[in-house]
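Asks: The sequence and its predicted three-dimensional model are supplied below.
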Amino acid sequence: MAIAACRSGVGGSSSTSSSSTTPGSSDRDNSEKPFQYLQLVVRDWANFDDETWEDAETRQKFGVSGLPGGERWSEADCRAQMRLHLAQHFGEDVRERESVDTLKEMFGSISAYLLPNPGLKVAESKKRKWDGSLADIDEDFLRFVQNLCKDLFADGAVITQKVLGSELFVDSFVEVVETLAQAFSGMEVSQLSMVEAIGKAKNLVSKDEAERSYKKYMDKQLLLAKAGKSPELLAKDHATASDIAVGLFDKAATFGDVDAIKEAKITLQEAIGELFETYKKDNERRLEQALSAFAGLAAAAVIFFVLDRISDYACDWWLDTCVAMSRVFVMFYTSVLGIIGYHMYFLTKERGKTAAGLAGIEMGKQMIVVTELQVQNVMYYMKHQEAAKRDLNKAFNTAKEIGIDVMKHFEASADTAGGAGANATKKEKAIKVSPSSPSKNKKID
């Protein structure tokens with residue numbers, strides 16, 4: 001499952017910020033830079049005041065038509081000040097350029113969102129013993145949070161996250177976030193810290209993607225072999241899947257320190273080794289259960305064999321019905337024995353006597369389970385005869401419907417074949433009669 005995020009940030013203390021990667025305004029920029037989007041969310045902003053727009057040039061630059069009037073600004077005026085605040089810290093007039101330029105190189109788009117104070121009672125919740133009542137939260141704060149949520153969940157805002165073009169998945173999400181948080185932990189963001197953090201994040205994402213490719217290949221191979229594979233063939237599949245995964249990692253992990261990339265590659269190979277051990281155990285279970293599908297038939301065959309032996313001494317010598325039933329029993333358990341013997345032979349030939357023996361033992365265990373279950377069903381129906389009659393009638397009606405459908409199918413096929421034969425006969429007769437029947441308009445000499 002890939003990680004999807006939106007244009008958001010997690011607020012810190014006043015005048016602090018946090019980041020989230022989402023699509024920026026330019027798809028081309030996002031594809032060229034390590035991350036898509038950075039949004040700086042500032043808490044407890046207390047400077048939504050009229051003095052901000054006293055300068056006419058500033059108003060014109062940020063699209064404010066005039067001085068905001070009334071007790072409350074419009075949403076457009078508030079968002080204009082957010083752009084102004086961003087320009088004051090990320091614009092061309094900023095003298096300390098290292099952190100600004102580093103972040104601009106790392107993210108396709110950067111924005112800021114200013115949240116007002118939630119209210120004195122909330123801000124000093126311990127001192128004023130705030131009980132969590134929503135009525136105590138400042139109305140402006142709720143309005144700004146609502147607008148931020150609209151931005152978060154707008155159409156097209158939530159997309160799969162990527163690090164240098166590689167999708168971010170759940171397995172590596174925590175490690176990637178921790179790595180990036182370390183880069184932002186200081187008062188300043190340096191080029192070196194960001195490069196190192198992005199390199200680690202890229203390695204983590206590449207490793208995760210490679211592991212997924214290995215799992216996908218191995219799962220596909222075992223899906224095609226539900227009864228398991230020989231250890232040799234499984235080892236061959238492992239080698240192929242491992243080569244594909246390592247090749248994918250080598251192609252993707254191209255950013256950051258070389259030693260860090262090598263270390264991540266070693267970690268990937270160790271993880272693949274652990275996964276292979278899991279697949280080997282799963283394959284062993286499949287091999288043991290190669291004949292388990294025949295457990296029900298085998299249990300029935302044993303029962304029919306016992307009934308046949310009993311009828312030999314009880315009633316075959318004087319009742320023709322018993323003789324007929326014995327013949328049915330013999331046909332059934334002989335056929336089942338032949339089917340199981342056929343599969344046992346090929347299982348021995350392909351995987352050896354040990355694997356075939358284990359499969360036979362596992363089938364025997366499953367036969368006991370199936371027999372016990374059927375005995376419980378018989379005991380239940382003996383105590384609940386009404387349920388037995390109901391289920392028997394249901395099974396009979398189902399079998400009857402299936403039989404009727406089959407007969408209709410054969411009748412339709414016969415009618416189609418008969419109709420085609422009749423048409424062919426008529427055509428043949430017409431061909432034979434036509435030459436000897438002169439046309440009405442033909443002259444006879």
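Replies: Received, thanks.
Asks: Only C-alpha atoms from now on, for both contacts and neighbour counts.
Replies: Noted.
Asks: State the pLDDT value of Y214.
Replies: With respect to pLDDT, Y214 has a value of 94.
Asks: try the one 5 residues further on
Replies: Predicted confidence (pLDDT) for D219: 92.
Asks: can you check Q191 too?
Replies: Reported pLDDT for Q191: 57.
Asks: tell me the SS of the closest residue in space to D140 that isn't next to it in sequence?
Replies: Among residues not flanking D140 along the chain, P116 sits closest, at 7.0 Å (CA to CA, 6 or more residues apart in numbering). Three-state assignment for P116 (DSSP: H, G, I helix; E, B strand; the rest coil): coil.
Asks: separation between P116 and R143?
Replies: Per CA to CA, to the nearest Å, P116 is found 10 Å from R143.
Asks: next one: K389
Replies: Taken as CA to CA, the span from K389 to R143 is 67 Å.
Asks: quick revisit: which one of P116 and R143 has more residues nearby?
Replies: More crowded of P116 and R143, by other CA atoms under 10 Å: P116, with 21 against 13.
Asks: what are the ranges of the helices in the stretch 51-200 of the chain?
Replies: 56-61, 75-90, 98-106, 120-123, 125-128, 139-152, 170-183, 191-224 (DSSP state H, counting those that start in this stretch).
Asks: Then the stretch 201-350 of the chain?
Replies: Counting by DSSP H, counting those that start in this stretch, the helices of the stretch 201-350 of the chain are 231-252, 258-288, 295-314, 320-383.
Asks: Need those in a markdown table (columns: mean pLDDT).
Replies: Formatted as a markdown table, these follow (pLDDT from 0 to 100):
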| stretch | mean pLDDT |
| --- | --- |
| helix 231-252 | 92 |
| helix 258-288 | 89 |
| helix 295-314 | 87 |
| helix 320-383 | 86 |
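Asks: Same list (those) but as TSV, adding mean neighbour count and distance to D50.
Replies: As requested, the helices of the stretch 201-350 of the chain are arranged in TSV below (neighbours: other CA atoms under 10 Å; distance: least, CA to CA, whole Å):
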stretch	mean neighbour count	distance to D50
helix 231-252	17	51
helix 258-288	16	52
helix 295-314	17	84
helix 320-383	15	81
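Asks: Distance to V42 added to these, as CSV?
Replies: As requested, the helices of the stretch 201-350 of the chain are exported to CSV (distance: least, CA to CA, whole Å):
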stretch, distance to V42
helix 231-252, 35
helix 258-288, 34
helix 295-314, 67
helix 320-383, 64
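Asks: quick check, L40 in a strand?
Replies: Yes. Assessed with three-state DSSP, L40 lies in a strand.
Asks: quick one: contacts for the closest residue in space to G63 that isn't next to it in sequence?
Replies: Nearest-residue entry for G63: A80, 7.3 Å, with adjacent residues in sequence omitted and distances by CA to CA, 6+ apart. Contacts for A80 were tallied using CA atoms under 8 Å, 6 or more residues apart in numbering; they are F62, G63, V64.
Asks: Just the pLDDT for the residue lying closest to the first one once chain neighbours are set aside.
Replies: In space, not counting the residues next to it along the chain, F62 is nearest to A80; the distance is 6.0 Å by CA to CA, 6+ apart. Here the pLDDT value assigned to A80 is 87.
Asks: Roughly how far does the closest residue to F276 other than its chain neighbours sit from E274?
Replies: Once flanking residues are discounted, F276 sits nearest to H238: 6.9 Å by CA to CA, 6+ apart. Look at H238 and E274: by CA to CA, they are 12 Å apart.
Asks: How about V122?
Replies: 50 Å.
Asks: Next: A123.
Replies: With distances taken as CA to CA, A123 is found 50 Å from E274.
Asks: you'd agree S109 is up against Q36?
Replies: Yes. Look at S109 against Q36 with CA atoms under 8 Å: they come within range, at 6.6 Å.
Asks: Between those two, which is the more surrounded one?
Replies: Between S109 and Q36, Q36 has the larger neighbour count (other CA under 10 Å), namely 28 against 23.
Asks: The more buried one should be in a strand, yeah?
Replies: Yes. Judged by three-state DSSP, Q36 forms part of a strand.
Asks: With pLDDT and distance to K104 as extra columns, can I get the contacts of A80 in TSV?
Replies: What follows is the contacts of A80, written out as TSV (pLDDT from 0 to 100; distance: CA to CA, whole Å):
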residue	pLDDT	distance to K104
F62	84	21
G63	81	24
V64	79	26
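Asks: which one of the residues you listed sits closest to E54?
Replies: V64 (10.6 Å; CA to CA).
Asks: Contact partners for that closest one?
Replies: W53, D77, A80.
Asks: ok, the first one touching L67?
Replies: Going back to what we said before, that points to W53. Yes. With contacts counted by CA under 8 Å, W53 reaches L67, the gap being 6.1 Å.
Asks: out of the two, which sits in the busier spot?
Replies: Per other CA under 10 Å, whichever of W53 and L67 has more neighbours is W53, with 20 against 16.
Asks: Quick check: the gap between E350 and L223.
Replies: 19 Å.
Asks: ditto for E277
Replies: 17 Å.
Asks: Ok, A300 next?
Replies: 29 Å.
Asks: what sits against I261?
Replies: Contacts of I261 (CA under 8 Å, 6+ apart): N203, A253, T254.
Asks: residue contacts, the residue nearest to the first one when sequence neighbours are not counted?
Replies: Translated: N203. In space, and not counting its chain neighbours, N203 is closest to A253: 5.5 Å by CA to CA, 6+ apart. With contact set as CA under 8 Å, 6+ apart, A253 has these partners: K202, N203, S206, I261.
Asks: Wait, M344 touches A356, no?
Replies: Yes. Using CA under 8 Å, M344 makes contact with A356 at a distance of 6.3 Å.
Asks: Assess the claim that V145 and L115 are in contact.
Replies: Yes. Between V145 and L115 there is a contact under CA under 8 Å: 7.5 Å.
Asks: Could you check which of the two is surrounded by more residues?
Replies: L115 (21 against 16).
Asks: Looking at the closest residue to that one other than its chain neighbours now. What's its pLDDT?
Replies: Computed as CA to CA, 6+ apart, the closest residue to L115 that is not its neighbour in sequence is R43, at 5.0 Å. For R43, the model assigns a pLDDT of 85.
Asks: cool, S434 as well?
Replies: So, for S434, pLDDT stands at 45.
Asks: I444 too?
Replies: Taking I444 on its own, its pLDDT is 40.
Asks: What of C6?
Replies: In this model, C6 carries a pLDDT of 43.
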